[in-house]
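> Using only what follows, build the 3D model:
(one chain, ligands or ions: 2)
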Amino acid sequence: MARRAPFLNSRLQGFGATIFATMSQLAADTSSINLGQGFPDTDGPIEIAQAAMRAIAEGHNQYPPGAGIAELRSAIADHQKLFYDLRYDPNGEVLVTAGATEAIAASILAICETGDEVIVFEPYYDAYAAVIAMAGATLVPIELHAPNWSFDPDELSRAITSRTRAILLNSPHNPTGKVFNVAEIEYIAALCIDADLLVITDEVYEHMIFSGSHIPICSLSGMAERTISISSAAKTYSFTGWKIGWVSARPELITAVRTAKQFLTYVNGAPFQVAIAFALREGRRFTDLVVPAIAAQRRALSVGLAEVGFEVLGGEGSYFLTTDIRPVTDEDAMTFCLELPRRAGVVAVPSSVFYQNPERGRHLVRWTFCKRMEVIEEAVSRLEKLQLS
Ligand code: PMP
Ligand code: GLN
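Ligands and ions are numbered 1, 2, ... in the order given. The predicted model follows:
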């Protein structure tokens with residue numbers, strides 16, 4: 001049989017295994033504490049899990065409707081109303097997806113022409129670059145600067161060209177934890193209106209906020225009709241393996257995203273949709289449970305990392321703290337993280353992978369605190385004994 005190499009198409013050349021899978025494998029291989037990949041080591045509330053088990057037993061096991069089951073779409077619309085006073089019609093303005101990951105991919109694939117530009121704040125979550133590449137579009141990075149992870153407003157406005165299609169905004173932000181403030185959101189919104197851009201917002205950490213508050217950009221005047229808002233049950237309820245995400249947007253945008261989505265997964269997770277509808281319908285009950293526990297873990301990790309000597313540059317939200325490692329080592333972040341399991345039995349993520357030019361993040365390392373308190377404490381005590389040799 002005739003074969004043609006390389007088999008990976010040119011758009012995906014350079015995208016190897018995701019850093020999260022690589023670092024989790026490294027943690028497993030070295031029996032290290034995994035402060036790398038952002039998934040909780042404790043499942044979400046048992047009542048939600050029981051709702052999923054019941055849904056399986058009761059026969060929610062065939063393809064759900066393409067847009068998601070009606071109860072879940074209603075519950076998502078109610079969530080947007082309860083938390084942000086946003087109004088979405090569950091019939092036509094809400095779409096259930098296979099996690100936020102599929103929502104992001106379907107959105108980019110739906111709205112971008114080959115050669116379009118998508119502005120993304122850097123450092124950025126790895127999937128963005130890959131799906132922008134798959135769409136044949138170009139990622140235009142705008143750097144967030146430590147310690148506050150602020151951006152240069154002029155640089156952002158200068159980055160807009162006739163090819164710019166959208167700004168992809170992730171707040172609370174992975175990997176820095178930055179929560180974009182009102183002034184920043186207003187500035188981005190004004191630019192989008194002025195240049196007639198779309199906005200894709202990744203709000204998966206909307207409930208992981210430790211100071212300040214989450215402002216959905218679509219709540220600003222003139223933004224609802226140009227914003228594709230994305231979130232997920234993964235982080236909010238600590239069920240990252242269920243892959244129930246969603247999009248809320250005006251009907252024309254939802255139709256566009258659904259057109260791509262239906263040929264990616266078609267539908268997903270019927271019984272989990274039932275369970276997440278139950279969780280969302282409980283309003284603040286479950287969201288109020290998660291944040292205080294994780295806030296305490298965040299504090300413990302932040303204090304511990306500072307005591308070890310790292311400069312903690314964390315933001316106000318998400319699952320992550322970022323450190324500048326230069327007070328502790330001259331090594332680059334990748335070398336440091338690859339050696340860390342052997343030296344200390346801890347895994348973290350080199351933030352250099354979140355930059356187009358890894359040199360810009362060579363001194364930055366991301367640590368997750370979505371692990372039990374005793375795990376965080378043990379990780380810190382191991383790091384305190386770290387021998388750099
Ligand atoms: N966006 C960001 C910023 C993330 O950190 C993640 C990882 N959870 C996702 C999207 C993907 O979310 P999901 O697991 O719902 O696909
Ligand atoms: N969002 C998680 C993180 O940033 C991991 C999700 C994934 O592995 N794709 O660590």
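> residue boundaries of the strands in this protein?
In order along the chain, the chain carries the following strands (DSSP state E): 33-34, 94-98, 117-122, 138-143, 164-170, 198-202, 227-232, 244-248, 311-312, 320-324, 346-347, 349-350, 364-368.
> Out of those strands, which gets nearest to T287?
Across these, the minimum distance to T287, taken as Cβ to Cβ, is reached by strand 227-232, at 11.9 Å. Using the backbone N, CA and C atoms, a C-beta is placed for each residue, glycine as well.
> Is ligand 2 within reach of the closest one?
No - taking Cβ under 6 Å from any ligand atom as the criterion, strand 227-232 and ligand 2 are apart, separated by no less than 9.6 Å.
> How about residues contacting that strand?
Strand 227-232 is contacted from outside by 80, 97, 99-100, 103-104, 107, 111, 198-204, 206, 216-218, 244-249, 253, 257, using Cβ atoms under 8 Å, 6 or more residues apart in numbering.
> try stretch 275-291
With Cβ under 8 Å, 6+ apart as the contact definition, stretch 275-291 has outside contacts at 44-45, 47-49, 51-52, 55, 69, 71-72, 74-76, 78-79, 82, 207-210, 233, 236-239, 242, 244.
> One more pass at 6 Å, please.
For stretch 275-291, contacts defined as Cβ atoms under 6 Å, 6 or more residues apart in numbering pick out 45, 48, 51-52, 55, 71-72, 75, 79, 82, 207, 233, 237, 244.
> Ok, stretch 168-187 next?
118, 120, 123, 125, 128, 149, 153, 199-202, 205, 208, 212, 215, 217, 314-318, 320, 322, 351, 354, 366.
> Buried among those residues? Make that a PyMOL selection.
Under the burial definition 16 or more other Cβ atoms under 10 Å, those of the contacts of stretch 168-187 that qualify are selected in PyMOL by:
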select buried, resi 118+120+123+125+128+149+199+200+201+202+205+208+215+217+314+315+316+317+318+320+322+351+354+366
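> ok, which of the contacts of stretch 168-187 also contact ligand 1?
Within the contacts of stretch 168-187, those near ligand 1 by Cβ under 6 Å from any ligand atom are Y125, D202.
> how about the nearest residue to E225, chain neighbours excluded?
R250 (5.2 Å; Cβ to Cβ, 6 or more residues apart in numbering).
> now swap in P90 and tell me
Closest residue to P90 apart from its sequence neighbours, by Cβ to Cβ, 6+ apart: R73 at 3.9 Å.
> now the strands of the chain as JSON lines including distance to Y187 and mean pLDDT?
Formatted as JSON lines, those follow (distance: least, Cβ to Cβ, whole Å; pLDDT from 0 to 100):
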{"stretch": "strand 33-34", "distance to Y187": "37", "mean pLDDT": "97"}
{"stretch": "strand 94-98", "distance to Y187": "28", "mean pLDDT": "98"}
{"stretch": "strand 117-122", "distance to Y187": "13", "mean pLDDT": "98"}
{"stretch": "strand 138-143", "distance to Y187": "12", "mean pLDDT": "98"}
{"stretch": "strand 164-170", "distance to Y187": "11", "mean pLDDT": "98"}
{"stretch": "strand 198-202", "distance to Y187": "12", "mean pLDDT": "98"}
{"stretch": "strand 227-232", "distance to Y187": "15", "mean pLDDT": "98"}
{"stretch": "strand 244-248", "distance to Y187": "23", "mean pLDDT": "98"}
{"stretch": "strand 311-312", "distance to Y187": "27", "mean pLDDT": "97"}
{"stretch": "strand 320-324", "distance to Y187": "23", "mean pLDDT": "98"}
{"stretch": "strand 346-347", "distance to Y187": "37", "mean pLDDT": "97"}
{"stretch": "strand 349-350", "distance to Y187": "29", "mean pLDDT": "98"}
{"stretch": "strand 364-368", "distance to Y187": "25", "mean pLDDT": "98"}
